[in-house]
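*Asks:* sequence? don't have it. structure:
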Ligand code: SF4
Ligand code: SF4
Ligand code: SF4
């Protein structure tokens, strides 16, 4: 099973909240991503992490939470009894109670968009690429490569400087 | 029932993002990101929150659906299109017969090029150059300042150049918040290793990403920029070859900046001297540099000089005429550039051809088949004062909202009350519309088609995706009906007979040199658009201006030597604080559109005045308390937000909700822009009851108009 996820790069978030508006538009007026500001210095968007060992899935008494083919943790509304267990065990407090239907709601990694081969809405819109959708292993590898590239660049610069005898 | 994806241009900011509207038979269902279009200004179809919410304001319940005629102020009866057009045309004709300069026309940076072309054509054919639009209140100094230095008032480069720069100097511009999608290019450059220098009186979201942050007092820009130039000259960091070969006036600059030592500049601006030195070195030695600015820099009585100094700074570093370099003024509305190009301005014909130039006038006299005035017309603020003197009696306002957007709004309201006749052409009721005699319901941008020119001179075609409500009609259609009814009903360029927006663009092609090759056919086929100048149909468009020569008569950059001037109104005992204005990412202009979008109002529900913790402690103010802000012109009530984002002694208020009752309408002598960004004020804590009293007397940004029978 591919492990698809949304990688969040806090250092790039500008707190524009486009992701929230996009998610809300795609999910009948409810946003499953929230943007927080820290000490007026930085912002961070937070949505479901689709945890590898997802506590929400483990505690759900009716198996309303399950994992789909891309590895997304999905809530089946017809099975949910609104007991709030998932919301309590989630370390990020992600599943929320939909006050009208009295069942939980959470990020579904935009299942309807993935079905059409599209990226989740919050990722598609994020102007700064603070949100990236992809395979967990691949994103991790890319990060390592980027880091290595930078390190090599620095090393090259240092070499040039020493060749110049500075 | 086929669902269609229709490519449009976002109706909000000057980035000019592309998106698709998913619609069934003219009814919008959703939007889709334009991920599949190459080379558009919003890479991969990215959108900011406003772009994501574009469908909400279109579906607003209070859209204007029928032409209206006022019974008394704010009370209207519905009339038919033919009655409305007839009345407008007759009144315009009557004033024009008497003295055409009694008329004033407002173009709009929020609608297509075609209606802007038509409204100025109407004004000019009626015999007056009294035509202007709200660019006067945002980027007039950019147009006049850059024109003096480089010969033309447009962005010299494109987003691609921002991405390729090695240093980006952002001044008076909260880029991340005003243009999130444009800011993408700054972050991409930074990721490549470019340095970011931010100068702003507020610690903005843009400043979060700064390598060097210069927090200067509002209105001290001249000192700051002169300080940077001083260091660059002192340390011989400028591009001597470029200065020698392509600039004039360098010696004067050397003299003018002599006294602006970092220590002296520190005293005026409050920016530590070492930081000024560091910023100057970083900027000048980077290799490729872009300067970008917006209203924080332009809305001053010295806005014109501010821009000239930035042009000078860019030129002496040799950052012109090359890729990865340039001057990038960022426009607030999606067609500010286009409205200017189309000459919704009092001093030029389309393509910036001076009305005072007899040769250009002769061309347009032949082209339009009428005699034209060679006298420069009135600007927005001047027109409001001309009403007082009885000189201007009638306004034709297309998609504008001066009651909220003009500085010293109280004066504007008084002026509008004195008008004899006012036509307002808009999509929803605005506080300005309350004073109208005739209201013409317009189709919103996504409901009709035409061309738009974004900040980077990129002209794009936007298609009609949604059916307009009721009897609302496209702006170009309304103006062409009015023009014909006035009596200009000849064919071709000499009249107002048009079958579609594309006809108007063809006429623009014929009389605007920069747009000659930008035909409707080409635009419809190429969704990424074309950068003007594009002199012929086989020309690909121009990314970087001034590669060989500048557009000044001698082809050289005219460097500016400017002495320091601060804001005209400084804090004193009576008004001890400096007031400045700002904006929120989720709101736009005078919230006529964003204020009708639930998703945006939910997140940005109300204005908050930013005040430094030390000042707040002295006045006993906590976050959430109501405060009263007073200036020599007005009183405003607002909740406070205590934050270190502003300097001590500075109060920052978002202007969307009508804070312009406070601001100063002192004008820049050249650009005629009012000093909205700095004035003296005093602040007191008040009760909620008192706040309500004050707010009752202010114009409501989202008014409800009354429609009565018969
Ligand atoms: S869209 Fe991106 S930049 Fe904007 S708030 Fe969300 S994560 Fe941050
Ligand atoms: S809801 Fe919480 S616990 Fe469940 S997968 Fe998402 S982040 Fe993990
Ligand atoms: S992936 Fe979809 S559902 Fe999840 S936060 Fe993003 S937009 Fe919302």
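*Replies:* Structure received. What you are looking at is a predicted structure, and each value in this text was computed from that prediction instead of being measured. Ligands and ions are numbered 1, 2, ... in the order given.

*Asks:* Count the residues that sit near the residue nearest to residue B:144 when sequence neighbours are not counted.
*Replies:* With Cβ to Cβ, 6 or more residues apart in numbering or on different chains as the criterion, residue B:144 has its nearest non-adjacent residue at 4.5 Å, and that residue is residue B:671. For glycine as for every other residue, the C-beta is placed from the backbone atoms N, C-alpha and C. Neighbour count of residue B:671, defined by other Cβ atoms under 10 Å in any protein chain shown: 26.

*Asks:* and residue B:671, what is it in contact with?
*Replies:* B:140, B:141, B:143, B:144, B:145, B:298, B:303, B:304 (Cβ atoms under 8 Å, 6 or more residues apart in numbering or on different chains).

*Asks:* what about the second one, distance to ligand 3?
*Replies:* When distances are taken as Cβ to the nearest ligand atom, to the nearest Å, residue B:141 and ligand 3 turn out to be 41 Å apart.

*Asks:* Mind giving me the packing neighbours of the one helix or strand that residue maps to?
*Replies:* Assigned by DSSP states H and E, residue B:141 belongs to helix B:140-150. Here helix B:140-150 touches helix B:295-298, helix B:303-316, strand B:326-329, strand B:557-558, going by 3 or more Cβ pairs under 8 Å, 6 or more residues apart in numbering or on different chains; DSSP states H and E.

*Asks:* so for the last one, what's the average pLDDT?
*Replies:* Rounded to a whole number, the mean pLDDT of strand B:557-558 is 94.

*Asks:* hmm, back to that, which among the contacts of residue B:671 gets closest to ligand 1?
*Replies:* residue B:298 (26.4 Å; Cβ to the nearest ligand atom).

*Asks:* separation between the residue nearest to residue B:144 and ligand 2?
*Replies:* 53 Å.

*Asks:* That residue is in what secondary structure piece?
*Replies:* Counting by DSSP H and E, residue B:671 is part of no helix or strand.

*Asks:* and it, backbone torsions?
*Replies:* Per-residue torsions, residue B:671: phi -80, psi -20 (degrees, to the nearest 10).

*Asks:* what do you get for the one 10 residues further on?
*Replies:* Geometry field for residue B:681 lists phi and psi as phi -150, psi 160, criterion degrees, to the nearest 10.

*Asks:* What's the local residue count around it?
*Replies:* Neighbours of residue B:681 (other Cβ under 10 Å): 24.

*Asks:* That one contacts residue B:578, correct?
*Replies:* Yes: in terms of Cβ atoms under 8 Å, residue B:681 counts as a neighbour of residue B:578; the distance is 7.5 Å.

*Asks:* doesn't residue B:169 fall inside a strand?
*Replies:* Yes: applying DSSP: H, G, I helix; E, B strand; the rest coil, one finds residue B:169 inside a strand.

*Asks:* need the contact list for it.
*Replies:* By Cβ under 8 Å, 6+ apart, residue B:169 lies in contact with B:197, B:199, B:279, B:283, B:289, B:290, B:291, B:292, B:313.

*Asks:* again, but for residue A:98
*Replies:* A:30, A:104, A:105.

*Asks:* Tell me the bridge partners for it.
*Replies:* For residue A:98, the beta-bridge partners under DSSP bridges are residue A:103.

*Asks:* mind putting the helices and strands packed on helix B:140-150 in TSV, distance to residue B:620 included?
*Replies:* Listed next are these as TSV, based on distance: least, Cβ to Cβ, whole Å:
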stretch	distance to residue B:620
helix B:295-298	30
helix B:303-316	36
strand B:326-329	41
strand B:557-558	52
